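Student: Any chance you can model this:
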Amino acid sequence: MQLVWLRNDLRLDDNPALYFACQQAIEDKDSVSVVYIASPKQWQAHNESPRKLGLIQETLKCLQSTLAGLGISFELLESDSFVDIPRLLSAYCLKHKVSKLHFNRDIPLNEQRRDKAVQAEMSGIDVTVECYADDRIVHRNLLSKQGAVYRVFTPWYKNWVQELFNALPEVLPSPEAVSSPLTATQEISLSGAEVFREDIWLSNEAEVLALLDRFCRRKAAGYEASRDYPAIAGTSVISPYLAIGSLSARRCFHQLVFSCGEQGLHVGEAINHVWTRELAWRDFYRYLMLNFEHISRGENFKTEPLARAWRVDAEARAAWQTGKTGFPIIDAAMRQLLQTGWMHNRLRMLVASFFCKLLCLDWREGEKFFMQHLLDGDFASNNGGWQWSSSTGCDASPWFRIFNPTTQSEKFDKGGEFIKRFVPELATLDAKSIHCPSPEQRLALGYPDPIIDYKTARQQALDFFKV
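Tutor: A predicted model of the protein is given here:
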């Protein structure tokens with residue numbers, strides 16, 4: 001038997017481990033089985049959100065059915081923590097006479113250690129292990145001309161772009177059937193999973209691919225102009241599917257190339273597209289995590305010590321977490337997160353800057369809260385974004401760059417449409433007042449006063465961060 005171990009790659013399309021396992025099975029007239037291992041205690045330690053687990057649960061249900069149609073059995077296993085997985089897989093392989101184990105590479109440190117332990121366990125029972133490329137678009141470990149690991153995005157990105165011009169990454173098709181269809185029988189239930197919001201999100205891979213196709217055909221051309229405005233549906237909203245691997249980043253890039261080609265554009269238009277640059281940031285944060293282990297341990301990327309310790313203010317933290325800071329755009333963003341499990345990218349920058357720069361609170365607390373609530377929680381990207389915002393990371397925002405939440409609100413939510421959607425108590429205010437209500441309006445509408453004075457907090461932050 002060929003055994004495929006799925007992790008953050010819950011898809012058939014462009015799944016190297018699944019594709020090559022099926023190819024091997026067809027050649028050898030062998031069978032293929034797929035397993036997914038639930039790890040509740042490990043998930044809790046990694047702050048995986050109940051919403052994300054709900055998405056994974058529903059995606060697994062769809063995946064089990066699709067695999068059954070290809071003659072591939074699926075089984076959900078459970079191991080509280082990563083440390084028990086090698087023995088669990090070993091027992092499974094011995095019971096089912098597995099000859100080869102296939103899986104795609106994971107990037108964070110704990111996952112790498114888990115996989116090395118699995119490989120060692122498999123060698124003891126004569127099971128061959130095939131480990132395939134991770135989920136980056138460009139897999140080569142890009143180095144500078146001096147042979148050094150990049151620590152800044154822009155020169156790395158230039159090299160990354162050149163790699164794409166040299167050769168587009170391979171994208172694999174979904175595997176062919178390996179035998180007659182099977183009946184999907186196992187009940188899929190994950191401990192800690194929240195009820196899935198099927199009115200907002202997708203669990204079927206075909207529907208996710210269709211969503212990607214619609215974005216590339218209809219919205220990608222206007223993405224640069226509309227992506228910063230949260231009231232406009234101008235982004236792809238595919239991050240949840242990238243996070244759990246029901247969609248491949250390589251497929252995203254190839255779909256954009258294909259759509260540009262249909263419009264008579266050269267492949268270079270797709271490579272240099274602003275949306276491709278966003279995919280590059282995703283690759284970059286994974287590149288950093290592979291090359292700098294201390295990031296996975298929750299440490300600042302910049303190893304030099306901060307001039308001051310982060311403030312501790314439980315009341316300010318709670319106000320931020322619950323969307324009651326008294327700054328409408330910040331509160332609308334946080335309530336969007338609490339209600340939907342997702343937040344617009346520009347708003348992620350605003351609320352993180354507010355947390356780290358104006359409240360001077362430890363970025364790790366914000367990073368953890370995001371992971372505990374985001375449907376699209378992705379360790380590498382979330383960590384990278386928070387370290388960028390707190391000026392502790394690689395290629396970070398300069399310490400003196402502090403977003404003014406009111407002017408940002410006036411610029412990117414001019415009419416207050418987004419604020420009205422998530423802070424409905426302010427819906428009766430005019431387009432000017434809604435960004436910074438007067439004390440009288442706040443009192444009348446039951447909206448809190450600002451927890452900080454922006455000018456005072458900005459100066460305190462400048463003093464705090466200045467070395």
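Student: domain parsing for this protein?
Tutor: The chain breaks down into these domains under automatic domain parsing: 2-132, 135-170+205-291, 314-465.
Student: Dump those domains to a markdown table, plus distance to A184.
Tutor: No exception for glycine: its C-beta is placed from N, CA and C like everyone else's. Converted to a markdown table, the domains of the chain look like this (distance: least, Cβ to Cβ, whole Å):
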| stretch | distance to A184 |
| --- | --- |
| domain 2-132 | 4 |
| domain 135-170+205-291 | 15 |
| domain 314-465 | 25 |
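Student: which non-adjacent residue is nearest W399?
Tutor: Nearest non-adjacent residue to W399, counting by Cβ to Cβ, 6 or more residues apart in numbering: F465, 3.9 Å away.
Student: residue contacts, A17?
Tutor: A17 makes contact with V4, W5, L6, D9, H102, F103, N104, E130, Y132, according to Cβ atoms under 8 Å, 6 or more residues apart in numbering.
Student: Go ahead and confirm the first one touches L18.
Tutor: Yes: shown here, V4 and L18 form a contact pair, counting by Cβ atoms under 8 Å, at 5.1 Å.
Student: Same list (the domains of the chain) but as JSON lines, adding mean pLDDT and distance to V195.
Tutor: Below are those laid out as JSON lines (pLDDT from 0 to 100; distance: least, Cβ to Cβ, whole Å):
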{"stretch": "domain 2-132", "mean pLDDT": "97", "distance to V195": "6"}
{"stretch": "domain 135-170+205-291", "mean pLDDT": "97", "distance to V195": "15"}
{"stretch": "domain 314-465", "mean pLDDT": "96", "distance to V195": "12"}
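Student: before we move on, what SS does the closest residue to G416 other than its chain neighbours have?
Tutor: Among residues not flanking G416 along the chain, I434 sits closest, at 3.7 Å (Cβ to Cβ, 6+ apart). Going by DSSP: H, G, I helix; E, B strand; the rest coil, the secondary structure assigned to I434 is helix.
Student: I402 versus K455, what's the distance?
Tutor: 11 Å (Cβ to Cβ, to the nearest Å).
Student: out of these two, which sits in the more crowded spot?
Tutor: Comparing K455 with I402 by neighbour count (other Cβ atoms under 10 Å), the higher total belongs to I402, at 21 against 9.
Student: Spatially nearest residue to the more buried one, not counting backbone neighbours?
Tutor: Nearest to I402 is K357, by Cβ to Cβ, 6+ apart, at 4.6 Å.
Student: these two touch, right, that neighbour and F465?
Tutor: Yes: the criterion here is Cβ under 8 Å, and K357 meets it with F465 at 7.4 Å.
Student: intersection of neighbour lists for the two?
Tutor: Counting by Cβ under 8 Å, 6+ apart, the residues touching both K357 and F465 are S391.
Student: quick one: the strands in the stretch 101-250 of the chain?
Tutor: Along the stretch 101-250 of the chain, counting by DSSP state E, counting those that start in this stretch, strands occupy 128-132.
Student: how about the helices in it?
Tutor: Here the stretch 101-250 of the chain has its helices, by DSSP state H, counting those that start in this stretch, at 109-123, 153-166, 205-214, 223-226, 239-244, 249-262.
Student: most packed of those helices?
Tutor: Of all the helices of the stretch 101-250 of the chain, helix 239-244 has the most neighbours on average by mean count of other Cβ atoms under 10 Å, namely a mean of 23.
Student: Which strands or helices does it pack on?
Tutor: Counting contacts by 3 or more Cβ pairs under 8 Å, 6 or more residues apart in numbering; DSSP states H and E, helix 239-244 is packed against helix 50-69.
Student: residues making contact with the next helix or strand after the helix it packs on?
Tutor: For helix 50-69, the following helix or strand on the C-terminal side (DSSP states H and E) is strand 73-78. If you take Cβ under 8 Å, 6+ apart as the criterion, strand 73-78 is touched by 31-40, 60, 63-64, 67-68, 88, 92, 182, 184, 186, 188, 191.
Student: so how far is stretch 327-347 off the chain centroid?
Tutor: 16 Å (Cα atoms, centre = their mean, to the nearest Å).
Student: what does stretch 243-252 give?
Tutor: Worked out by Cα atoms, centre = their mean, stretch 243-252 lies 10 Å from the chain centre.
Student: Now the terminal residues of that stretch, how far apart.
Tutor: 13 Å (Cα to Cα, to the nearest Å).
Student: Check what contacts that stretch and list those residues.
Tutor: Stretch 243-252 is contacted from outside by 6-11, 13-15, 52, 55-56, 59, 135-137, 169-171, 203, 205, 208-209, 212, 236, 238, 241-242, 279, 282-283, 375-378, using Cβ under 8 Å, 6+ apart.
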